[in-house]
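Student: Quick one: sequence plus predicted model below, questions after.
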Amino acid sequence: MRFPLHVTTDVIKQQIHQGLKGNTRYPFVLMLEPLYTCNLACLGCSIERHTGKLEDRLTLEQCLKAVDDSGAPGVSICGGEPTIYPELKELMEGIIARRRHIYLCTNALLLDRTVYGKIAPHARITINVHLDGMKKTHDHVCARDGVFEKALEMIKEGKRLGYHMITNTTIFKETDINEVEELCRVLRDYSVDGMLISPGYQYESVERDIFLTREDIHNKFKKVLELSKRYRLTSTPMFLEFAAGLREYCCSPWSTVTYSPLGWKGPCYLIGEKYFQTWEEFWNGVDWDYWESRQDRRCQNCKMHSGFEASAVRELRNSPKDMVRMALWNLLG
């Protein structure tokens with residue numbers, strides 16, 4: 001299977017449970033940002049994500065309360081760089097105890113010091129290593145030499161130790177899709193369990209002209225769609241067709257909720273229109289109808305998986321053909 005069985009069954013259970021309660025909006029994933037401290041300052045990252053002070057991090061209790069409040073079956077631990085978070089082991093143990101699936105999103109530089117040998121492999125842990133290209137490109141994006149080679153070393157070691165390892169690649173305006181395919185070949189040789197490829201989103205605090213217009217996304221993702229037929233990509237076929245401009249979806253901003261040192265981020269993982277201190281204020285205080293419509297100017301060039309993978313999944317019930325495609329994609333991937 002493309003995803004561990006319990007990940008698929010947990011998502012299905014979540015949909016059934018919420019459907020029985022009459023809810024049409026509910027989180028699929030919690031983006032948990034315990035800190036804004038990072039050991040890199042990548043070119044495509046917003047300023048707040050790599051400049052925070054360690055003492056301003058969320059407490060373990062705040063993090064676990066956010067997991068409970070959101071009820072999301074998946075928890076993506078990001079930041080900042082989560083392997084810097086001093087309470088990471090206790091946080092991951094607490095999430096596992098709640099029977100949630102963890103995606104530890106990391107640049108991999110500290111895995112051998114803070115994860116390997118300290119946090120045992122578990123069926124509910126996926127380590128997600130960020131790679132934006134081959135050595136020259138990735139090290140340039142990370143603004144530091146040696147990051148690419150260290151990441152590959154940590155992927156190899158993670159697989160040896162028995163961790164579920166995937167990668168995450170962001171496509172920018174100048175990204176060469178031929179290089180992305182070369183990266184896919186290398187990662188296949190390293191036996192990674194999956195590769196997520198997503199279009200970059202232009203944070204307003206990032207002034208560099210490296211991001212994609214909607215037309216750029218369509219052109220590049222038509223090629224990524226072809227790559228998905230040869231490599232183990234984790235994006236669903238429906239999402240990739242959407243990114244390639246071959247189908248359309250409304251956004252599901254509520255499907256991926258974000259909790260950070262500033263509070264609950266509204267309306268979505270990408271746009272910090274307002275931060276809320278409690279779950280209730282956030283969930284009831286965001287105009288979901290407005291943000292679903294994508295009429296805001298900041299939404300015009302966005303085709304991020306965080307807003308649209310859930311839309312693709314929710315639309316499956318309207319297409320038996322797509323339901324069969326999705327089942328075969330997951331089972332045979």
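Tutor: That came through, no problem. Numbers count the residues shown, from 1 in each chain.

Student: ok, and what's touching stretch 304-322?
Tutor: Under the contact criterion CB atoms under 8 Å, 6 or more residues apart in numbering, stretch 304-322 has outside partners 11, 28-29, 31, 196, 198-199, 201, 235-236, 238-239, 242-243, 249-253, 255-256, 268-270, 323, 326. All C-beta atoms are positioned from the backbone trio N, CA, C, and that covers glycine.

Student: List the buried residues in it.
Tutor: 304-316, 322 (16 or more other CB atoms under 10 Å).

Student: so how far is the first residue of it from its last?
Tutor: Its start and end residues considered, stretch 304-322 measures 20 Å (CA to CA, to the nearest Å).

Student: give me the low-pLDDT residue ranges for the stretch 151-300 of the chain?
Tutor: For the stretch 151-300 of the chain, the stretches flagged by pLDDT under 70 are 201-211.

Student: That one: helices as residue ranges?
Tutor: Counting by DSSP state H, counting those that start in this stretch, the segments of the stretch 151-300 of the chain that form helices are 177-189, 214-227, 237-243, 279-285, 288-293.

Student: Weed out the non-buried ones from the contacts of stretch 304-322.
Tutor: When neighbours are counted using 16+ other CB under 10 Å, those contain these buried positions: 11, 28-29, 31, 196, 198-199, 201, 235-236, 238-239, 242-243, 249, 251-253, 255-256, 268-270, 326.

Student: Paired strands for the longest strand anywhere in the chain, with orientation please.
Tutor: Of all segments of type strand in the chain, defined using DSSP state E, the longest is strand 164-171. Paired strands of strand 164-171, with direction, are strand 125-130 (parallel), strand 194-199 (parallel) (DSSP bridges).

Student: Next up, the contacts around residue 169.
Tutor: Neighbour list for residue 169: 130, 131, 132, 133, 180, 183, 195, 196, 197, 198 [criterion: CB under 8 Å, 6+ apart].

Student: In PyMOL, how would I select the buried members of these?
Tutor: Buried members of those can be picked out in PyMOL with the line below, counting by 16+ other CB under 10 Å:
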select buried, resi 130+131+132+133+180+183+195+196+197+198
